[in-house]
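Undergrad: Need the 3D shape of this:
(2 chains)
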Amino acid sequence: QKEVEQDPGPLSVPEGAIVSLNCTYSNSAFQYFMWYRQYSRKGPELLMYTYSSGNKEDGRFTAQVDKSSKYISLFIRDSQPSDSATYLCAMSSNAGGTSYGKLTFGQGTILTVHP
Amino acid sequence: KAGVTQTPRYLIKTRGQQVTLSCSPISGHRSVSWYQQTPGQGLQFLFEYFSETQRNKGNFPGRFSGRQFSNSRSEMNVSTLELGDSALYLCASSSGGGQISNTQYFGPGTRLTVL
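TA: As a prediction, the model looks like this:
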């Protein structure tokens, strides 16, 4: 079983819809949670970074972390065709104070927002 | 600030050859991490270098190696290439300070094809 499981999708929604992307994890040591967006033929781009349980909002994006359930989510409001990309969740721990440089990723969800 | 750069962007090699990929981090960043991305396995962590020392290592065979120079630029080498090594190789840089804000920024990747 993978340490991080992500709903594979693909997901296809109409413009303006609310999108929900989810990941679950099994490693209790994970403390830092990130969402990356990756366009075709590009490297991943950091969208959101959270540390504690709860919600963090940035524009149309809201990241949610529930450490007790080992579950994280990314919500996209008023989705746009330009949001069409692969979304990756990523996590890291602080084992020994030096593990920040190792990210464990979900498989990614391909999102298509059609006009 | 210039982003993470990787060279070359595309590479075609044959089985048994070796290859060296290069990564220049964001100015001031001291940590460089390398990842392999394939359709089947997703993004997998290879290793991280910080101040010219390997700080973390993933579960890849010894054919995969890397190094970091005093200016924080990093190279990774794959010897005795196999067909399964065909992938997008991504490097990411961060400050490496081990703080909560130590987020990773990715380059565009090197697309390696092994024939």
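Undergrad: what pairs with the nearest residue to residue B:104 once chain neighbours are set aside across the strands?
TA: Nearest-residue entry for residue B:104: residue B:92, 3.9 Å, with adjacent residues in sequence omitted and distances by CB to CB, 6 or more residues apart in numbering or on different chains. Glycine gets a C-beta too; all of them are placed from N, C-alpha and C. Beta-bridge partners of residue B:92, counted by DSSP bridges, are residue B:33, residue B:106.
Undergrad: Count the residues that sit near residue B:92.
TA: For residue B:92, the number of neighbouring residues by other CB atoms under 10 Å in any protein chain shown comes to 27.
Undergrad: give the contact list for it.
TA: Neighbouring residues of residue B:92 by CB atoms under 8 Å, 6 or more residues apart in numbering or on different chains: A:43, A:103, B:4, B:32-35, B:104-107.
Undergrad: at 10 Å instead, please
TA: A:36, A:43-44, A:46, A:101, A:103, B:4, B:23, B:25-26, B:29, B:31-35, B:45, B:48, B:103-107 (CB atoms under 10 Å, 6 or more residues apart in numbering or on different chains).
Undergrad: List the ones among those that fall in strands.
TA: A:36, A:46, B:23, B:31-35, B:45, B:48, B:105-106 (DSSP state E).
Undergrad: could you list every residue that touches the one residue sitting closest to the centre of chain B?
TA: Taking CA atoms, centre = their mean, the centroid of chain B lies closest to residue B:34, which sits 2.9 Å from it. Applying CB under 10 Å, 6+ apart to residue B:34 gives the contacts B:6, B:21, B:23, B:44-49, B:58, B:60, B:64, B:66, B:74-76, B:89-92.
Undergrad: one more time with 7 Å, if that's ok
TA: B:46-47, B:66, B:76, B:89, B:91 (CB atoms under 7 Å, 6 or more residues apart in numbering or on different chains).
Undergrad: all strands in chain B, in order from the N-terminus.
TA: B:5-7, B:10-13, B:19-24, B:31-38, B:42-50, B:53-57, B:64-68, B:74-78, B:87-94, B:105-106, B:110-114.
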